[in-house]
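build the 3D model from these lines:
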Amino acid sequence: MTAPVSVDGKGKKNIENLVSATRSLKASLEKSRTLGFSLQKAGPRLEEIRQRLPTLEAAVRPIRADKEALVAVGGHINRAVGPAAAVLKVFDAVHGLEKSLLSDPRNDLHGYLSVLKRMEEALRFLGDNCGLAIQWLEDIVEYLEDNTVADEKYLASLKSSLKNLRDLQSDEGRTRLDGGLLNAALDKLENEFRRLLTEHSVPLPMSSSASPGEQACIAPSPLPVTIIPKLQAILGRLIANKRLESCISIYVEVRSSNVRASLQALDLDYLEISVSEFNDVLSIEGYIAKWGKHLEFAVKHLFEAEFKLCNDVFERIGLDVWMGCFAKIATQAGILAFLQFGKTVTESKNDPIKLLKLLDIFASLNKLRLDFNRLFGGAACLEIQNLTRDLIKRVIDGAAEIFWELLVQVELQRQNPPPLDGGVPRSVSFIIDYSNKLLSDDYRPILTQALVIHRSWKKEKFQEGLLVSEVTNLVKAIEHNLETWIKAYEDSTLSNFFAMNNHWHLYKHLKGTKVGELMGDKLKEHEQYKDYYAAVFLRESWSKLPSHLSREGLIMFSGGRATARDLVKKRLKTFNEAFEDMYKKQSNWVMTDKELREKTCQLIVQTIVPVYRSYMQNYGPLVEQDPSSSKYVKYTVQNLEKMLLSLFQPKPLRYSSLKVRQTSGKFSNGAADHRRSNSMVM
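Residues are numbered from 1 along each chain as shown. As a prediction, this is how the structure comes out:
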């Protein structure tokens, strides 16, 4: 066991010092810990103070600025506050219109336009007054910057705001105001303009089976009268905002589409025919007749109505605007297709029928001349004018070229052989009918006008007597051709048949016509020639047959019954052979005129049948009892008459005309030696 240690006074003191130091150290540690906590809390506050220092610096900068500068800045601010406040007030007013301008204009068009006008006035005020406010505010910024009264960031913000205000002075800037409210309102107004047009633009209810002339005439204005003021009011606002071209584009699109829809029922596909799609004018002759009626209907009703409507809607804007608008509608609706079709006809192969069709086209254009000049006479319709003038020139040049070439073509036919069937040559029937048409009331005036115009282009004068002379020369050339062809037959009977046929054709088809009147007594000669050649034809052919049925040697049967039977057989055989030979030959001959054919056949019957009937009644029984009678009695009286009445029946003929070759030059209407000798194809 260890004994306790005794501590003296000095050691006891050391222990107390050690305890005291320990306590002091603990206290210091506690203070350090407390100070650490305090420093940890002070960090964020110091960062906050650091961040606020620039603001505080900017806030106290005026205090640091020169005293006189601080005093002067108040005046600048006071002068700028008034204009700036006015601008701000108007901007607030514009913002207040947003709900109305984003509504549908159709609900209250008048109210909508009124609100839009207020916005335009507000924008004009902003544009006019922003300048004053900007000037004062720019003075403030410049003053603050020069005198270091404001912070740079603050000044940059002010400059950016001033730039936005400056932009408001331009039209583009105003449209962007309040998120593009003005543009949105104008777009709605354009849509309303289109809606009013579309909903009230209704195609005419037409039937393709009805003639254009049978269609009911449309009202002077194809839009309700209440709609036009609305369109004009909308136009006023859109034009004020530089949207005229957009309005015109919408109007042309809707109205031209409406006209096209109206024309669509007329079945105008033929307007797209190209030259390569037909060989001659005859193949599209029916289309040319339709073309004239359709063009007249389109011009006098559809385009006339659009012309008036354009004037009504755009009259307040100016002549150039609405005429230009109409020109676009006419072009897009199809007027050019009508003119192109006429041009296509002029480019087809030359043919006398083409002359008549060219005159039909010219007549249609001439009939619409005043309408064309009034509707399409403006500068905006220059393309239509040029195409129309070109078409008229082509028509007149083509008509004159064919007309002056006709006589040459008829004369060239003389070189061809006459028809083998003794009928009327197609060229004869065609030219006679053609000559009558040229001098008819339908074609003579328009042909004369075309020839007068054609001569005037050459600085020459045309006498109407030339037209009459040229047509009568055609008939004379036909007469000369007939004389040549009559002499060309080797068979005199066929020659007489041909002469009878053709002289009658000329007489019948010229009698009572303009050409026949010009021929005077010469026409009567053709009837006389017909009678003469008919008598010669009958005498040299059928009149010879009865002689084969002679009764000589049969009177009183002087030679006995058997001798008489043999004589009758012989004469019947000779008659049958002569009849069959003549019938076979003439059964291929043609007489197209029914009246002449029936009369000629009756004459033949009267020449043959009574003699044959009497002969058979008197001597037929002698042969009929013979076993071989069928070899001699081949025809009953009824069969013989039926066969004779069936002679000269016309055969189906395909159409034919005189084909005039295309030439690049112009034809003279003077003497024959100035004409070209082009060939003619039947």
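
tell me the spacing between the residue nearest to D397 when sequence neighbours are not counted and L447.
Nearest non-adjacent residue to D397, counting by CB to CB, 6 or more residues apart in numbering: H454, 6.9 Å away. In this view, the C-beta of every residue, glycine as well, is placed from N, C-alpha and C. Distance of H454 to L447, computed by CB to CB, to the nearest Å: 10 Å.

show me whatever sits in contact with both of those two.
Residues touching both H454 and L447 (CB atoms under 8 Å, 6 or more residues apart in numbering): A399.

now the strands: where do they sit in the protein?
659-660, 680-681 (DSSP state E).

which of these comes out lowest on mean pLDDT?
The weakest mean pLDDT among the strands of the chain belongs to strand 680-681, with a mean of 30.

once you drop chain neighbours, what's closest to K300?
In space, K300 is closest to D371, 6.3 Å off (CB to CB, 6+ apart).

wait, the one you found sits on A298?
No. Shown here, D371 and A298 do not form a contact pair, counting by CB atoms under 8 Å, at 10.4 Å.

neighbour-wise, which of these two wins?
Taking neighbours as other CB atoms under 10 Å, D371 and A298 compare with A298 leading, 23 against 15.

list the contacts for the nearest residue to K290 once chain neighbours are set aside?
Nearest in space to K290, with sequence neighbours left out and distances taken as CB to CB, 6+ apart, is Y270 at 7.0 Å. If you count contacts by CB under 8 Å, 6+ apart, Y270 has them with I284, Y287, K290, W291, F341.

what about Y270, distance to G324?
Distance from Y270 to G324, by CB to CB: 30 Å.

just L365 next, same as before
Taking CB to CB, one finds L365 at 24 Å from G324.

give me the neighbour count for the closest residue to S246 other than its chain neighbours.
Distances taken as CB to CB, 6+ apart put E190 closest to S246, at 6.1 Å, once the chain neighbours are dropped. E190 has 18 neighbours, counted by other CB under 10 Å.

what sits against E190?
Contacts of E190 by CB under 8 Å, 6+ apart are L238, R243, S246, C247, I250.

go with 10 Å
Contacts for E190 (CB atoms under 10 Å, 6 or more residues apart in numbering) come out as P105, I234, L238, R243, S246, C247, S249, I250.

pLDDT wise, what is it at?
92.

over to the one 3 residues further on?
In the prediction, the pLDDT value recorded for F193 is 94.

and it, what does it touch?
105, 230-231, 233-235, 237-238, 243, 246-247, 250-251, 254.

in CSV, list those residues along with distance to N183.
Shown next, in CSV, are the contacts of F193 (distance: CB to CB, whole Å):
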residue, distance to N183
P105, 15
K230, 22
L231, 21
A233, 19
I234, 16
L235, 18
R237, 13
L238, 12
R243, 10
S246, 12
C247, 15
I250, 16
Y251, 21
V254, 22
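
of these, buried ones?
Among the contacts of F193, those buried by neighbour count (16 or more other CB atoms under 10 Å) are 105, 230-231, 233-235, 237-238, 243, 246-247, 250-251, 254.

farthest pair in those?
Farthest-apart pair in the buried ones among the contacts of F193 is R237 and V254; separation 18.9 Å (CB to CB).

and the chain, what are its domains?
20-64, 70-147+155-179, 184-204+224-392+400-412, 433-542, 551-650 (the TED database).

got JSON lines for these, with distance to D421 too?
What follows is the domains of the chain, written out as JSON lines (distance: least, CB to CB, whole Å):
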{"stretch": "domain 20-64", "distance to D421": "122"}
{"stretch": "domain 70-147+155-179", "distance to D421": "78"}
{"stretch": "domain 184-204+224-392+400-412", "distance to D421": "21"}
{"stretch": "domain 433-542", "distance to D421": "9"}
{"stretch": "domain 551-650", "distance to D421": "4"}
